[in-house]
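K.L.:
Give me coordinates for this.
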Amino acid sequence: MERKKLGNTGVLIPEVGIGTWKMVGNEKNDIEALRYGMSKGMNLIDTAEMYGNEDMVGDAIHGQERPFIATKVSPNNFRYDDVIKACDRSLSKLRVKQIDLYQLHWPNHSIHIKETMQAMEQLVKDGKIKYIGVSNFNLKELKEAQSVMKSSDIVSNQVEYSILVRDVEKDMLDYCTKNKITLIAYSPLARGALFEKKYGKLLELLDNIGKKHSKTASQVALNWLIDKEPVIAIPKASSKRHIDQNAGASGWKLDTKELSAIEDFLLEWAEGP
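P.N.:
Numbers count the residues shown, from 1 in each chain. Okay, the predicted model is just below:
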């Protein structure tokens, strides 16, 4: 598994990690999948207070070689004291002494970002969290959050990004590249939409490219994402087969011609008839 630096920290994290959104209700299977993923080098596990599965993640990592743990505080807990309490709950459920990456799950414009970020920076000072990230922030919201921080940096923004959902390319991708902020791509396979009939021509292109590398269309779509400098992907995987699929997206490169073919197709597709 290839690794990339997290923001400007110098810490290396896998370019393909594991997202756990909707991993609920089959704890034994999910724990097995997470542990198998860690054994494949996918030792970044992303969860959230809102997901209701931090306990499961805590059980999965207990007694294992310590992975990089990312979780998120829900926007209804963005008041100073509520952030602190939410972090304490997450630490307890995850059964760790420190959260590697603590993220604001969504913007909450009813609470001033300064109050929230003061709490996040205090958590860093207290050693409860190591790094601060945000999630689902647009560029204006990200810059506003950055502007109120005094002692820490925002090292990541977790956003929906896939070959089908490319809104972050309007301004966020370039900004994060220039400012050394990691883009953590969730739903990097567009929640399975890539395999719908209406995207058949795109899937055919990805499949043909994949055959040259002995890779699947899914692996090509993920590799296309992580080829971008600041991007890592966190697909969900609840089976060994899916873990192997996702892990196989790393460790190889699409060539310039193949990348151009994909970009040309997407451009033509976006412009329409």
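K.L.:
Output the lowest-mean-pLDDT helix or strand in the chain as CSV, restricted to C-alpha atoms.
P.N.:
Least confident helix or strand of the chain, by mean pLDDT, DSSP states H and E, is helix 256-271 with a mean of 87. C-alpha atoms of helix 256-271 as CSV (Å, rounded to 0.1, in the frame of the first residue of the first chain):
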residue,chain,number,x,y,z
THR,A,256,-0.4,9.9,-19.1
LYS,A,257,-2.2,8.6,-22.2
GLU,A,258,-4.7,6.7,-20.0
LEU,A,259,-5.3,9.7,-17.7
SER,A,260,-5.9,11.9,-20.8
ALA,A,261,-8.4,9.4,-22.3
ILE,A,262,-10.4,9.5,-19.1
GLU,A,263,-10.3,13.3,-18.8
ASP,A,264,-11.3,13.7,-22.5
PHE,A,265,-14.2,11.3,-22.0
LEU,A,266,-15.4,13.2,-18.9
LEU,A,267,-15.1,16.5,-20.6
GLU,A,268,-17.0,15.4,-23.6
TRP,A,269,-19.6,13.8,-21.4
ALA,A,270,-20.0,17.0,-19.3
GLU,A,271,-20.5,19.2,-22.4
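K.L.:
Checking the residue nearest to the spatial centre of the chain next. Helix, strand or coil?
P.N.:
The residue lying closest to the centre of the chain (Cα atoms, centre = their mean) is I184, at 3.3 Å. Classification of I184 using DSSP: H, G, I helix; E, B strand; the rest coil returns strand.
K.L.:
Now do the contacts for it.
P.N.:
Contacts for I184 (Cβ atoms under 8 Å, 6 or more residues apart in numbering) come out as G17, D46, A70, G133, S135, S156, N157, Q158, V159, I232, A233, I234. For glycine as for every other residue, the C-beta is placed from the backbone atoms N, C-alpha and C.
K.L.:
Turn these into a markdown table, columns for pLDDT, neighbour count and secondary structure.
P.N.:
Formatted as a markdown table, these follow (pLDDT from 0 to 100; neighbours: other Cβ atoms under 10 Å; DSSP: H, G, I helix; E, B strand; the rest coil):
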| residue | pLDDT | neighbour count | secondary structure |
| --- | --- | --- | --- |
| G17 | 97 | 25 | coil |
| D46 | 98 | 26 | strand |
| A70 | 98 | 27 | strand |
| G133 | 98 | 26 | strand |
| S135 | 98 | 22 | strand |
| S156 | 98 | 25 | strand |
| N157 | 98 | 27 | strand |
| Q158 | 98 | 26 | strand |
| V159 | 98 | 23 | strand |
| I232 | 98 | 26 | strand |
| A233 | 98 | 29 | strand |
| I234 | 98 | 24 | coil |
